[in-house]
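In: kindly return the folded structure for what I paste below:
(chains A and B, ligands or ions: 1)
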Amino acid sequence: MFKSPLTGNLGESYAGGRSATAIRMAGYGAIVIRGSSETPIYLAVHGDKVYFRDASGIWGMRSSYTVGRIIRELEPGAGFRTIMRIGKAGEQLVSYACVITETYRHFGRLGLGAVFGSKKLKALVISGKHSIKVPDSRVYREVYDKIFDLAIKSPLMKKYHDLGTAYNVTPLNELKALPSLNLKQTSLEEAVNISGETLAENYLGRRVACIHCPVACIHLASLREPYEREPYFYKTTMVSYDYEPLYALGSMLGVTNTIGWLKLMDEVEVQGLDAISVGVVLAWATEAYEKGLITDRETMDIKLKWGDYNAYIEAVRRIVAQPNEFYASLARGVEYAASKYGWLDFALSFGGNEMPGYHTGLATYITYLTGSRHSHLDSAGYSLDEKNIKAGRRQAPNEMAEALFKEESWRQILSSLVVCLFARGIYTSSTVIESLKAAGFSSKFELTEESLARVGVEILKYKYMFKIREGFNYKNLRIPKRILETPTPLGLLNEEEIRETINIFFKFLR
Amino acid sequence: MVYRLAVIDVERCVGCELCMFACSRRFGEGGLAKSAIAVRSIGGVERGFIVIVCRACSDPPCAKVCIVNALMIRKGGGVVLNQYKCIGCGRCIDACPVKAVFWNSEINKPNICVHCGYCAKYCPHEVLKLEKVV
Ligand code: SF4
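Out: Okay, the predicted model is just below:
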């Protein structure tokens, strides 16, 4: 948790990889980083020892991959450590810089990378191999086996093991809910080129798992490129792909050339940016350029054009380098850039955070607007929309607001326990209670379904107390006109209905 | 019948480490302190993983360097650790060429694979198998 440089308000970000387990295995429940360093450093926590290491030699390095490689050689704990690091974007304080962990996972949203950068903290390495005692080993093994079986047999396991989250491109495109070309459209004819199927068939090189998860949803594409001037000389890069970046750097920008998308994705990784935010920022800039609202003077002669991945790769570099005021504004997010240059109507951010890849209906926007992080995962309105689409109904605002409030409250429990949200179907409240008991928490907490639900609501209220203290007021939430102009699978949205649902949602928070 | 744990297809390994956690869970605890199996990337997860398990050598180098004979030759290969004899000197770690002797720093003794195959039961991707030794 942190204060977001992007929204100026509550910052919270989650990542896969090994960081949660590594922190626990090192013997901690949480790590708090206060203050900042004068010179670049990285922190290494190995069990009960904490080392402050000089990082001036790796500060300013071009690629975040290289930073990872170097630290990997310097530090012990191979196989059970986490290496969280920032790229140049974090050093340059881009408001949506991410923290990369285990090379291919990210604390993506809301600018944790810039927070690290402002502390001159290049990386954080954590490792440990503690034992964790449980009160009754038989019960522990039984509960473990039950969850293991559920995970192995869950249909999600197959879906996400086979195609990864990229699976979602095709159904959302068919549903006409895949935001494309800055949400001027909701599907693209060539979306198949950036679909999970195409990527798996032609580029999938390796699947990787987060620690202690059988699913292995992390999909790495192998991009083989020839060197122009030397025959039979190739470089092979592994690029991780997931649904959200396929939307933000793909459909949103009209980049449906598979290799082009992989190259753009790779550059975003090299720089260490949040793929969703940078995609949405560039989509806004492209439309503004198309309409002649910004010109070559601002873009410094980069001709932003839907689908032109080479232009986007160069633009990504400039957002990080910030050679002029325009790029420096883009580096602060679409809300800032559009407030400065105008054209907020098609600047797709909610609560200051760039939009995720679902134009499914009313519920998804209620989530973006009311979610404490303004993330699609706060209360998963998109999933509620999909249910409503299947049932062929328009849900009444009060029913929707209540469902989303309940969902977001329950997710406070899941997130506090660092449960992957893909596994939310497995971790029902009874499974959560059983697990906590097996882990020895029954004497420390009141473990009933009601008490968990109550704690969830309390956590959410605390987050909102912080948000309000920092200036949040739901009455001031901006609704970009664009979302009202482009029909969703559930029809056109209207502002009144959105405001009404938001109002009801916030009544639950009182 | 005597068995030995084998890595049958390391290319299928996804690095989930379920096997490592399973190994410590045999002792009825969570964590990794007692694991006698290790998985790590080959210099970055993009290159894949190595799974380090005891090979069940018929003439185990670890046993040869143990000065108190705490590592007894196991029928079918490998060794059996006698915890009470072990003085925690760590020479066995250096002797193992595949680095399959792991260290439990909580009790300062080695973790030695007993070839029970508990880890293989939890490997979701058919990397590990308990094989019969003829
Ligand atoms: S359980 Fe199997 S796939 Fe997972 S790390 Fe161990 S060997 Fe690899």
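In: look up phi and psi at the closest residue to B:Arg91 other than its chain neighbours.
Out: The spatial neighbour of B:Arg91 that comes closest, neighbours along the chain excluded (CB to CB, 6 or more residues apart in numbering or on different chains), is B:Val65 at 4.5 Å. The way it works is simple: take the backbone N, C-alpha and C, and place the C-beta from them, glycine included. Phi and psi for B:Val65, reported as degrees, to the nearest 10, are phi -100, psi 0.
In: what's the answer for A:Ser277, then?
Out: Main-chain dihedrals, A:Ser277, degrees, to the nearest 10: phi -60, psi -50.
In: state the distance from the nearest residue to it once chain neighbours are set aside to chain B.
Out: The shortest distance from A:Ser277 to any residue that is not its chain neighbour, by CB to CB, 6+ apart, is 3.6 Å, and that residue is A:Tyr96. Spatial separation of A:Tyr96 from chain B under the definition CB to the nearest CB, to the nearest Å is 25 Å.
In: just give me the neighbour total for A:Tyr96.
Out: Other residues near A:Tyr96 number 31, with proximity taken as other CB atoms under 10 Å in any protein chain shown.
In: correct me, but it touches A:Gly333?
Out: Yes - in this structure, A:Tyr96 is within contact of A:Gly333 by CB atoms under 8 Å, at 6.0 Å.
In: overlap in contacts of these two?
Out: Both A:Tyr96 and A:Gly333 are in contact with A:Leu6, A:Ser277, A:Val281, A:Glu354, where contact means CB atoms under 8 Å, 6 or more residues apart in numbering or on different chains.
In: backbone dihedrals for A:Gly292, please?
Out: For A:Gly292, the backbone dihedrals (degrees, to the nearest 10) come out as phi 80, psi 10.
In: count of residues packed around it?
Out: The burial metric for A:Gly292, expressed as a neighbour count using other CB under 10 Å, is 7.
In: pull the longest helix from chain B.
Out: Taking DSSP state H as the criterion, chain B has its longest helix at helix B:18-25.
In: sheet-wise, list the partners of the helix or strand that it is followed by with their directions.
Out: On the C-terminal side of helix B:18-25, the closest following helix or strand by DSSP states H and E is strand B:30-31. Partner strands and pairing direction for strand B:30-31 (DSSP bridges) are strand A:131-132 (antiparallel).
In: can you give the contact residues for the very next helix or strand once past the partner strand?
Out: If you walk from strand A:131-132 toward the C-terminus, the next helix or strand you reach (DSSP H and E) is helix A:137-153. Surrounding helix A:137-153, the residues in contact under the criterion CB under 8 Å, 6+ apart are A:134, A:157, A:213-215, A:423, A:426, A:431, A:434-435, A:437-439, B:18, B:25, B:27-30, B:122, B:124.
In: filter the residues you listed by proximity to the ligand?
Out: B:Leu18 (CB under 6 Å from any ligand atom).
In: show the buried residues in the contacts of helix A:137-153.
Out: Using 16 or more other CB atoms under 10 Å in any protein chain shown as the burial test, the contacts of helix A:137-153 include A:134, A:157, A:213-215, A:423, A:426, A:431, A:434-435, A:437-439, B:18, B:25, B:29-30, B:122, B:124 as buried.
In: what parts of chain B come near chain A?
Out: For chain B, the residues in contact with chain A (CB under 8 Å from any CB of the partner chain) are B:14-18, B:20-21, B:24-25, B:27-35, B:38-41, B:43-46, B:48, B:105-106, B:122, B:124-125.
In: quick one: what helix or strand has A:Gly260 in it?
Out: Using DSSP H and E, A:Gly260 maps to helix A:258-271.
In: cool, and A:Leu404?
Out: Using DSSP H and E, A:Leu404 maps to helix A:397-416.
In: would you mind pulling the contact partners of the next helix or strand after that helix?
Out: Going down the chain from helix A:397-416, the next helix or strand is helix A:429-438, by DSSP H and E. Helix A:429-438 is touched from outside by A:134-136, A:139-140, A:142-144, A:146-147, A:150, A:410, A:413-414, A:417, A:419, A:427, A:442, A:445, A:447-449, A:452-453, with contacts defined as CB under 8 Å, 6+ apart.
In: put the buried members of those residues into a ChimeraX selection.
Out: A single ChimeraX command is used to select the members of the contacts of helix A:429-438 judged buried by 16+ other CB under 10 Å:
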select /A:134,139,140,143,144,147,150,410,413,414,419,427,447,452,453
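In: that older thread, list the buried ones in the helix holding A:Gly260?
Out: The neighbour-count check on helix A:258-271 (16+ other CB under 10 Å) flags A:258, A:260-271 as buried.
In: which single one of those residues is nearest to the ligand?
Out: Taking CB to the nearest ligand atom as the measure, A:Glu269 is the one of the buried residues of helix A:258-271 closest to the ligand, at 24.0 Å.
In: mind listing what the closest one touches?
Out: Residues near A:Glu269 by CB under 8 Å, 6+ apart: A:Ser64, A:Tyr65, A:Gly87, A:Ile100, A:Val239, A:Ser240.
In: let me see the contact set for the residue nearest to A:Pro214 when sequence neighbours are not counted.
Out: Across the structure, with CB to CB, 6+ apart as the measure, the residue nearest A:Pro214 apart from its sequence neighbours is B:Pro124 (3.8 Å). The neighbours of B:Pro124, taking CB under 8 Å, 6+ apart as the test, are A:Ile152, A:Pro214, A:Ala216, B:Cys16, B:Leu18.
In: tell me how many other residues crowd the closest residue to B:His125 other than its chain neighbours.
Out: Spatial nearest neighbour of B:His125, chain neighbours left out: B:Arg12 (4.6 Å); criterion: CB to CB, 6+ apart. Here the neighbour count serves as a burial measure; for B:Arg12 (other CB under 10 Å) it reads 17.
In: verify the stated contact: B:Arg12 with B:Val51.
Out: No - counting by CB under 8 Å, B:Arg12 stays clear of B:Val51, with 10.1 Å between them.
In: could you report the neighbour count for the one residue in the stretch 401-510 of chain A that gets nearest to the ligand?
Out: Of the residues in the stretch 401-510 of chain A, the one nearest the ligand is A:Cys420, at a distance of 15.9 Å by CB to the nearest ligand atom. By the measure other CB under 10 Å, the count of residues near A:Cys420 is 19.
In: quick one: it and A:His212 touch, right?
Out: No - assessed by CB under 8 Å, A:Cys420 is found out of contact with A:His212, at 9.9 Å.
In: ok, back up a step: which one (most neighbours) among the shared contacts of A:Tyr96 and A:Gly333?
Out: Neighbours here mean other CB under 10 Å. Within these, the largest count is held by A:Val281, at 33 neighbours.
In: near the ligand, which residues of chain B show up?
Out: So chain B meets the ligand at B:13-19, B:39, B:51, B:123, B:125, B:127-128 (CB under 6 Å from any ligand atom).
In: same thing but 5 Å
Out: For chain B, the residues found near the ligand under the criterion CB under 5 Å from any ligand atom are B:Cys13, B:Val14, B:Cys16, B:Glu17, B:Leu18, B:Cys19, B:Val39, B:Val51, B:Cys123, B:His125, B:Val127.
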